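Peer 1: kindly return the folded structure for what I paste below:
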Amino acid sequence: MTNANCMHINISSLRAEQNDEAVRVLARAFATNPINMAVFGANELARNEVFFRAGIKLMKGTNLVALDGTRIVGVIHWVRSPQCQVAARDKVRVLPQMLNGLGIPTTLRLLSWLGAWGSHDPSERHFHLGPIGVDPHAQGQRVGWRLMEEFCKELDREALEGYLETDRPKNVDFYQRFGFTVCAEAQVLGMPNWFMSRSPSCRLPE
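Peer 2: Next comes the predicted model:
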C-alpha cells in the first residue's frame, strides 16, 4: 500500500485522454460493492469496466480526478438535475455496448438497478453525486475526503441540495460527516441501499 505521507494529492478536471485510466480506477473501486457484485458477479473487473466505459460517456456536469503525481487515484462526478436522468437517446446509444460486453441477463439486472435508483431521485432541484470512487490502494488516505470537499463547496456556492445513493453501510457514516442524512432506504436486487441528501447550509467538517 502506498504510504500516506508519500501521496501529494491534486484535484483537477478529468481530461478526455484520462478516461481509460479513470474507468479502470472506478472498476477497481466498485468491484466489491454489494450492488455491483449482485449485478456483475464477485470481483468482475472486466464487467465493471464495460459498465463504467459506457457510463463515462454519459457523465455530464463536473468530472474531477484526484492525482498522485500523474496517476489517478480517485474520481468524482456530479451533475445538476434534471440532467442526472439519462435521456432515452443516450440509453439507446450505449445499450449495444452493454449487451455486447455484458450479455442480456447482466444488462437486465443493470437496468433494474439503475431504474430503482432513478425512481428515488428528488423532484427538487439538486446536484446529483455519483460515481465517486477511490482506487483500493489509496483508500483510507483522505482522497475521498478531498473529493467530497469539492462537491460540497459546489453545493454551497450554488445553494442547492446534494443527493446521492450508496449500498455500503460504512459510506453512510462517511457521507453523514459532510452533512448528508438518509432520506430513504430500499432493497435493490436484494441489497440494502441508502438514499441521502444534504442542505446547502451545512458546514464542511474539519
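Peer 1: what distance do you get for Val25 to Gln176?
Peer 2: 25 Å (CB to CB, to the nearest Å). Heads up, the C-betas are built off the backbone N, CA and C, glycines and all.
Peer 1: same question, Gly133
Peer 2: Taking CB to CB, one finds Gly133 at 19 Å from Gln176.
Peer 1: these two - which one has more neighbours?
Peer 2: Each of Gly133 and Gln176 has its neighbours counted (other CB atoms under 10 Å); Gly133 has more, 25 against 14.
Peer 1: partners of the helix or strand hosting that one, with directions?
Peer 2: Using DSSP states H and E, Gly133 sits in strand 126-134. According to DSSP bridges, strand 126-134 forms sheet pairs with strand 71-80 (antiparallel), strand 161-166 (parallel).
Peer 1: and stretch 85-98, average pLDDT?
Peer 2: Averaged across stretch 85-98, the pLDDT comes to 87.
Peer 1: what sits against the residue nearest the centre of the chain?
Peer 2: Nearest to the geometric centre of the chain sits Pro131, at 1.0 Å (CA atoms, centre = their mean). Listed by CB atoms under 8 Å, 6 or more residues apart in numbering, the contact set of Pro131 reads 26, 29-30, 52, 55, 75-77.
Peer 1: please enumerate the helices of the protein.
Peer 2: With helices called from DSSP state H, the chain shows them at 19-30, 34-40, 45-55, 88-102, 104-118, 143-158, 169-176.
Peer 1: now render the strands paired with strand 126-134 as JSON lines, adding mean neighbour count.
Peer 2: Formatted as JSON lines, these follow (neighbours: other CB atoms under 10 Å):
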{"stretch": "strand 71-80", "mean neighbour count": "22"}
{"stretch": "strand 161-166", "mean neighbour count": "22"}
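Peer 1: out of those strands, which gets nearest to Thr106?
Peer 2: strand 161-166 (19.7 Å; CB to CB).
Peer 1: what's the angle from that closest one to helix 169-176?
Peer 2: Relative orientation of strand 161-166 versus helix 169-176 (axes from the mean of the first three to the mean of the last three CA atoms, to 10 degrees): 170 degrees.
Peer 1: quick one, strand 161-166 and helix 143-158 angle?
Peer 2: Using the same axes, to 10 degrees: strand 161-166 against helix 143-158 is 150 degrees.
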